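S.K.: quick one: sequence plus predicted model below, questions after.
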Amino acid sequence: MNLDTLRKKLENVDRQLLTLIKERQDLSHDIGHFKDELGLGTRDYSQETRVVNRARELAGELGLAPEVTEELFLLLIRSSLTVQEKQRVASAGEGSGKRVLVIGGAGQMGSWVVRFLASQGYAVEIADPTGSVDEFNCVHNWQDLTLHHDVIVVATPLAESNRILKALAERRPHGLVFDIGSLKSPLREGLDALRNAGVKVASIHPMFGPTTELLSGRHVIFVDVGSEEGTAQAREIFAPTMATLVEMDLDSHDRLIAYVLGLSHALNIIFFTALAESGEEVPKLAQISSTTFDAQLEVARSVAEDNPYLYFEIQSLNEFGSESLDALSSALSQFLTVMKDTDDEGFYSMMKKGQEYLHGRDYNLSDPAFPEAG
């Protein structure tokens, strides 16, 4: 037996693995149908835990690494859930041919909204001067339309979104209008104008990026803008998914986003800026990298490759943005002082404070029932 023969045998095993994965996915599709008929939720954490524990036990019997097996099965579970969630969204048929206009639908999150709504049976149109999305009708200027739509989604940059919302208020469309902006204070005027004009208006913030497929473990925030009917209709659109739906007022949203997005973005921008200006090359650092460095580098890389204009808006347009950045500046100053003074007790105190703060979180990221863990 030579190397080529062994590689051919490996290729055949790979084909068998993929065939079995396809069979598993088909079974997941059938299970999804039964869950719908029985009125059961798509997600069953206890079953997921049983599947993972069973895989770990079998891995031990076969002499395989349980950690690798667990990672593989979490990936398979995630794939199955994605199949079932898409199936449930489609079968719910919330759209039922209703007309939707997505202003800015050719953008990254705009195109996600387009495909998500189309999967529910909505007849989706796009208004975007920058381009189009395959298989969907697109116009250059939304103001040329009659706006006889059941739903209008504004998925444009924040400053532009506010102008569009105010212009929509003047047209008083009969359907639901909502934005998907990362901040809400820059949209306050437009949202208020729509509400005052008697339009059913909502404001939502999908807490995920445009490549997201499975919404389990993700959050969709619904910001109270004074239109109960509008918020209720917007919630119905996401009801068939496994996303966690959260409601809050506008100021609370932007204050928390200053930390959830603003602070985390700032940390990563500072991290990769420091590396870039250090003169050290990433391949050289990678030769001696640690687990912590690899994890931080991966997050920083995803931030660096994202939309800089969106990130600048999140930092600069948030009325509460200075709060988190001041906290970051204070923490960095405290750290530098501790190191300059070789204050070991001060350093230990910072570490202890972090342990106590993070330990207070009410969920366990290492729980195998959470495929998002790690």
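M.R.: Cool, the structure landed.
S.K.: quick check: Val223 touching Leu250?
M.R.: Yes: using Cβ atoms under 8 Å, Val223 makes contact with Leu250 at a distance of 5.3 Å. Bear in mind the C-beta positions are built from the backbone N, C-alpha and C, glycine included.
S.K.: more neighbours, the two?
M.R.: Val223 (25 against 20; other Cβ atoms under 10 Å).
S.K.: could you look up the SS state of that one?
M.R.: strand (DSSP: H, G, I helix; E, B strand; the rest coil).
S.K.: let me know the secondary structure of the residue nearest to it when sequence neighbours are not counted.
M.R.: Sequence neighbours aside, Ser203 is the residue nearest to Val223 in space, at 4.2 Å (criterion: Cβ to Cβ, 6 or more residues apart in numbering). Look at Ser203: counting by three-state DSSP, its state is strand.
S.K.: how about Ser203: which residues does it bridge to?
M.R.: Asp179, Val223 (DSSP bridges).
S.K.: which residues touch it?
M.R.: With contacts defined as Cβ atoms under 8 Å, 6 or more residues apart in numbering, Ser203 is in contact with 178-179, 181, 184, 187, 191, 222-223, 225, 250.
S.K.: now, which of the residues you listed sits nearest Glu277?
M.R.: Closest to Glu277 out of the contacts of Ser203 is Gly181 (32.2 Å), distances taken as Cβ to Cβ.
S.K.: distance from the chain centre to the helix or strand containing His253, please.
M.R.: Following DSSP states H and E, one finds His253 within helix 250-257. In this view, helix 250-257 has its centroid 17 Å away from the chain centroid, taken as Cα atoms, centre = their mean, to the nearest Å.
S.K.: how about it: buried residues?
M.R.: The neighbour-count check on helix 250-257 (16 or more other Cβ atoms under 10 Å) flags 250, 253-255, 257 as buried.
S.K.: likewise for stretch 230-241?
M.R.: 230-231, 233-234, 237-238, 240-241.
S.K.: ditto for stretch 47-62
M.R.: 48, 51-52, 55-56, 59.
S.K.: do stretch 218-226 as well
M.R.: So for stretch 218-226, counting by 16+ other Cβ under 10 Å, buried means 218, 220-225.
S.K.: run the chain-centre distance for that stretch.
M.R.: For stretch 218-226, the distance to the chain centre is 14 Å (Cα atoms, centre = their mean).
S.K.: which residues sit against it?
M.R.: Counting by Cβ under 8 Å, 6+ apart, 184, 191-192, 194-195, 201-208, 212, 231, 234-235, 238, 243-250, 253 sit against stretch 218-226.
S.K.: how about stretch 347-363?
M.R.: By Cβ under 8 Å, 6+ apart, stretch 347-363 touches 334-335, 338-339, 370.
S.K.: average pLDDT for that stretch?
M.R.: For stretch 347-363, mean pLDDT is 83.
S.K.: ok, back up a step: list residues touching both of Val223 and Leu250?
M.R.: Taking Cβ under 8 Å, 6+ apart as the contact criterion, the common neighbours of Val223 and Leu250 are 184, 203.
S.K.: which strand or helix spans Pro210?
M.R.: Using DSSP H and E, no helix or strand contains Pro210.
S.K.: quick check: it touching Trp112?
M.R.: Yes: checked against Cβ under 8 Å, the pair Pro210 and Trp112 is within contact range at 4.4 Å.
S.K.: name the residue in those two with the higher neighbour count.
M.R.: Between Pro210 and Trp112, counted using other Cβ under 10 Å, Trp112 has the larger neighbour count: 21 against 14.
S.K.: ok now do the more buried one, which residues does it touch?
M.R.: 206, 210, 212.
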